[in-house]
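Novice: Predicted structure and sequence below. I'll ask about it afterward.
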Amino acid sequence: MSIDKLLSPIKVGSVELKNRMVMAPLTRNRASQPGDIPTDLNARYYAQRAGAGLIVSEATQISKQGQGYFAAPGIYTDEQEAGWTNVVKAVHEKGGRIALQLWHVGRVSHHLVQADDNQPVAPSAIRAENTTAFVKHKDGSLGPIPADTPRALETRELPGIVKQYVSAAKRAKQAGFDMVEVHAANGYLLQQFMSTNTNHRTDQYGGSVENRVRLVMEVLEAVVAVFGADRVGIRISPNFVGFDLKDTEAEASSLYLAKELTRLGVAYMHIAEPDWAGGEPLSDLFRQKLRAAFSGNIIVCGHYTAESAEKRLERGQADLIAFGRAYLANPDLDVRFRENAPLNKPNVATFYGGADEATLTIRHSMAAQPKPRWLIDQ
Ligand code: PHB
């Protein structure tokens, strides 16, 4: 089958992309310690994948408070910014384009991965059951640990959360990123605000759809003011059920958000489909409504093959397709697709932690996690 559309160029916002393949954000837990700083290894890893039209970086915490996993990278110190500058340079030298994903985990965290053993924060003080953070224990060992009960953010603290996104976006701009993607998916802070079971607030950030989406829009407006709407995207995951998230109004809030993002002129919406973490598949009707509500580009992500990706594009339900695991095992995925060459199978043992194949470090303690973290036996 021809995959001409998938391999054809597209302009997303003001950024010209050489094809419609996106490398999905993939957590690797291999930032250097102490300090959660991207290294030359990260630069080489991303540069190897520069054949993608757009790379979305692994989720990157915008503050220490936004961290839930040991050795995930940050974008809130000078050293982290310098590390990312090195990554961006390496990708650009190979002709690639890269967005930084801005991340705050909210309640999917634990005091051992916070500053000063602080309690993690969330819209409401509701613990994520069957959910683990990943920490360094006081004895130096690494491991998963049940997420803490968070404390509810005070209304007066929310401008401070927006500021964290602004500072991170400023650093991303200084580091040379082509775009930024606000992570409002997969059960982390911004989706916790949107979801009915995690947001029980009684202020103007809780209750109605409009109120639950309010913080997300404040973050987007602020990030757009830094980066320009034509270089800002957002990732959402309607119907996501991981990390104890159950949103009974996911479609309504996604569609309201899509309309608001159109008003802002945001470049793209990136939809993590529920097949990765479980949850009801997105209906055709919902896809159509989303298309109608949002005027920017739509990226979808979720176990696509070259063929199913092309079909989704042909049906007009998306403009770009993101690939995750396939990019881990096949850095040259675009070439393999073009040549219809066989694909390497992803090696689950190397997903999290570690360095490159030759210098295994923390991977040994983190590798044997074939299942998503919220399903790990505790
Ligand atoms: C993870 O590290 O398990 C993780 C990180 C970011 C996501 C989803 C999962 O969006």
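Specialist: Cool, the structure landed.

Novice: Residue in the stretch 101-250 of the chain with the shortest distance to the ligand?
Specialist: Proximity of the stretch 101-250 of the chain to the ligand (Cβ to the nearest ligand atom) peaks at residue 186, 3.6 Å away. C-beta here means a position set from N, CA and C on the backbone, and glycine is covered the same way.

Novice: number of nearby residues for that residue?
Specialist: Neighbours of residue 186 under the rule other Cβ atoms under 10 Å: 23.

Novice: so it touches residue 243, yeah?
Specialist: Yes: using Cβ atoms under 8 Å, residue 186 is in contact with residue 243, at 7.2 Å.

Novice: burial measure for the closest residue to the residue of the stretch 101-250 of the chain closest to the ligand other than its chain neighbours, as a count.
Specialist: Nearest residue to residue 186 in three dimensions, chain neighbours excluded: residue 237, at 5.3 Å (Cβ to Cβ, 6 or more residues apart in numbering). Residues near residue 237, counting by other Cβ under 10 Å, number 29.

Novice: show me what contacts residue 237?
Specialist: Counting by Cβ atoms under 8 Å, 6 or more residues apart in numbering, residue 237 touches 185, 186, 187, 191, 271, 272, 273, 274, 277.

Novice: For the ligand, give me its nearest residue in the stretch 1-150 of the chain.
Specialist: Counting by Cβ to the nearest ligand atom, the stretch 1-150 of the chain gets nearest the ligand through residue 27, at 3.4 Å.

Novice: Surely that residue is in contact with residue 68?
Specialist: No: applying Cβ under 8 Å, one finds residue 27 not in contact with residue 68, separated by 9.8 Å.

Novice: higher neighbour count, the two?
Specialist: Higher neighbour count among residue 27 and residue 68: residue 68, with 29 against 20, using other Cβ under 10 Å.

Novice: Isn't that one up against residue 108?
Specialist: Yes: counting by Cβ under 8 Å, residue 68 touches residue 108, with 4.6 Å between them.

Novice: what do the two both touch?
Specialist: Taking Cβ under 8 Å, 6+ apart as the contact rule, residue 68 and residue 108 both touch 120, 133, 147, 188.

Novice: Which elements pack onto the helix or strand harbouring the second one?
Specialist: Under the criterion of DSSP states H and E, residue 133 resides in strand 132-136. Packed against strand 132-136 by the contact rule (3 or more Cβ pairs under 8 Å, 6 or more residues apart in numbering; DSSP states H and E) you find strand 142-146.

Novice: Kindly provide the whole-number mean pLDDT of the very next helix or strand once past the strand it packs on.
Specialist: Next along the chain after strand 142-146, taking DSSP H and E as the criterion, comes strand 151-152. Strand 151-152 shows an average pLDDT of 98 in the prediction.

Novice: And stretch 92-106, by the same measure?
Specialist: Taken as a whole, stretch 92-106 has an average pLDDT of 98.

Novice: got the buried residues for that stretch?
Specialist: The neighbour-count check on stretch 92-106 (16 or more other Cβ atoms under 10 Å) flags 96, 97, 98, 99, 100, 101, 102, 103, 104, 105, 106 as buried.

Novice: Show me the helices in this protein, by range?
Specialist: Per DSSP state H, the chain carries helices over the ranges 40-47, 78-93, 158-175, 189-194, 209-227, 250-264, 284-293, 306-314, 325-329, 333-339, 363-366.

Novice: Get me the contact residues on the stretch 1-150 of the chain for the ligand.
Specialist: With Cβ under 6 Å from any ligand atom as the criterion, the stretch 1-150 of the chain meets the ligand at residues 27, 59, 69.

Novice: Tell me which residues touch the residue in the stretch 201-350 of the chain positioned nearest to the ligand, please.
Specialist: Closest to the ligand within the stretch 201-350 of the chain is residue 272: 7.1 Å, counting by Cβ to the nearest ligand atom. Shown in contact with residue 272 (Cβ under 8 Å, 6+ apart): 185, 186, 235, 236, 237, 240, 301, 302.

Novice: returning to that earlier point: report the distance from the strand holding residue 133 to the chain centre.
Specialist: In terms of Cα atoms, centre = their mean, to the nearest Å, the centre of strand 132-136 is set 18 Å apart from its chain centre.

Novice: tell me the mean pLDDT over that strand?
Specialist: The average pLDDT within strand 132-136 is 96.

Novice: likewise stretch 167-174?
Specialist: 99.

Novice: Which residues does it contact?
Specialist: Stretch 167-174 has contacts (Cβ under 8 Å, 6+ apart) with 60, 62-63, 75-76, 80-81, 84-85, 100, 102, 180, 222-223, 226-227.

Novice: one step back: in strands only, show me the buried residues of stretch 92-106.
Specialist: Among the buried residues of stretch 92-106, DSSP state E puts 98, 99, 100, 101, 102, 103 in strands.

Novice: mind putting those in JSON lines, distance to residue 4 included?
Specialist: Below are those laid out as JSON lines (distance: Cβ to Cβ, whole Å):
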{"residue": "98", "distance to residue 4": "25"}
{"residue": "99", "distance to residue 4": "25"}
{"residue": "100", "distance to residue 4": "30"}
{"residue": "101", "distance to residue 4": "29"}
{"residue": "102", "distance to residue 4": "33"}
{"residue": "103", "distance to residue 4": "34"}
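
Novice: Count the residues that sit near residue 313.
Specialist: 21.

Novice: Residue 14 versus that one, what's the distance?
Specialist: 21 Å (Cβ to Cβ, to the nearest Å).

Novice: How about the contacts made by residue 2?
Specialist: Contact partners of residue 2, counting by Cβ under 8 Å, 6+ apart, are residue 310.
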